[in-house]
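Peer 1: sequence and predicted structure are below.
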Amino acid sequence: MLATREIEGYALHSRAAWKRFCDDRGYRFFHYGESLLPDMHVNWSKIEMVRRHLSETDAEIVVLVDADTYVCSRDFDLNALAEKYADKDILFAKDCHHLGPFLLPLNFEAAFKYQTRNLPNAGFVVIRNNDFCRQFFDDWLSLSQGQLSGIADRHPRNQRVLWQGLYFKHMKRIGLLDRIVERVRNVAHIPRAIRSGAAVVHVKNGLSQQQADELEVSLRKNG
Ligand SMILES: [Mn+2]
């Protein structure tokens, strides 16, 4: 997780939840607290963080989580998830949210441009630490500094470069996760997401202390 001081107000709570989860399950948790690329928007530090991490760790699987994602299930098995997508090297959350029976893109402009709701969201990414993925993240950053520098600083920045330069090119090796990682409009929608199978919720601007406390109480109650 990358969480700089500016977002510590909410990152604090999601980080505590992820840390607890990792300790329970025997995963290693890493928090990067500083921007890593002073000349680029902090959104790109996330990509640089993974690049550095992949080159330094002996882990076979690395999972990138945004500071505004919150893990809601103690039973969430990341190895089993990677197993389930054995033919994929990298798994992304889907850039969509559920509204009743509808699946709506988070970015309508992109959904229209690429004619699909199936676009990756970089808030939760499962990465095999292999040559393909290391190259993937190298390319992601170098596209942003070269060929695709024109779109690299336009919201949603790294995702824009991902969609334009990498996703369709490497589609066969990329899996998109649905429901298990769910984007919710706000905190009120978390219980429904959990009932629909979410192990991780992605909440823009995270949870407050009180919201995190309430969620923890309800998670404990429901086992
Ligand atoms: Mn996010």
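Peer 2: Thanks, I have it. Keep in mind it's a predicted model, so treat the numbers as computed, not measured.
Peer 1: alpha carbons only for contacts and neighbour counts from here, please
Peer 2: Noted.
Peer 1: how about the residues of the protein by the ion?
Peer 2: D68, G123 (C-alpha under 5 Å from the ion).
Peer 1: and the helix or strand of the chain with the lowest mean pLDDT, what does it pack against?
Peer 2: Every helix and strand in the chain was compared by mean pLDDT, DSSP states H and E; the lowest is strand 96-99, with a mean of 90. Here strand 96-99 touches strand 102-105, strand 181-184, going by 3 or more C-alpha pairs under 8 Å, 6 or more residues apart in numbering; DSSP states H and E.
Peer 1: parallel or antiparallel, which strands does the top strand by length along the chain pair with?
Peer 2: In the chain, assigned by DSSP state E, the strand with the most residues is strand 120-128. When pairs are called by DSSP bridges, strand 120-128 turns out to pair with strand 61-65 (antiparallel), strand 90-94 (antiparallel).
Peer 1: can you give me the helices for the chain?
Peer 2: With DSSP state H as the criterion, the chain has helices at 8-25, 45-56, 78-84, 108-114, 131-145, 158-161, 190-195, 209-221.
Peer 1: rebuild those helices as CSV, extending it with mean pLDDT, mean neighbour count and distance to V125.
Peer 2: Formatted as CSV, these follow (pLDDT from 0 to 100; neighbours: other C-alpha atoms under 10 Å; distance: least, C-alpha to C-alpha, whole Å):
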stretch, mean pLDDT, mean neighbour count, distance to V125
helix 8-25, 97, 18, 14
helix 45-56, 98, 18, 10
helix 78-84, 97, 13, 11
helix 108-114, 97, 13, 19
helix 131-145, 98, 17, 11
helix 158-161, 98, 23, 12
helix 190-195, 94, 17, 19
helix 209-221, 93, 13, 22
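Peer 1: picking up where we left off before, of the helices and strands packed on strand 96-99, which approaches F92 most closely?
Peer 2: Among these, the nearest to F92 by C-alpha to C-alpha is strand 181-184 (9.1 Å).
Peer 1: just give me the neighbour total for R5.
Peer 2: Neighbourhood size, R5 [other C-alpha atoms under 10 Å]: 11.
Peer 1: just confirm it contacts Y32, I think it does.
Peer 2: No: using C-alpha atoms under 8 Å, R5 is not in contact with Y32, being 10.4 Å away.
Peer 1: ok, and the closest non-adjacent residue to V42?
Peer 2: Nearest residue to V42, sequence neighbours excluded (C-alpha to C-alpha, 6 or more residues apart in numbering): S35, at 5.8 Å.
Peer 1: related to what we said a few turns ago, report the buried residues of the least confident helix or strand of the chain.
Peer 2: C96, H97, H98 (16 or more other C-alpha atoms under 10 Å).
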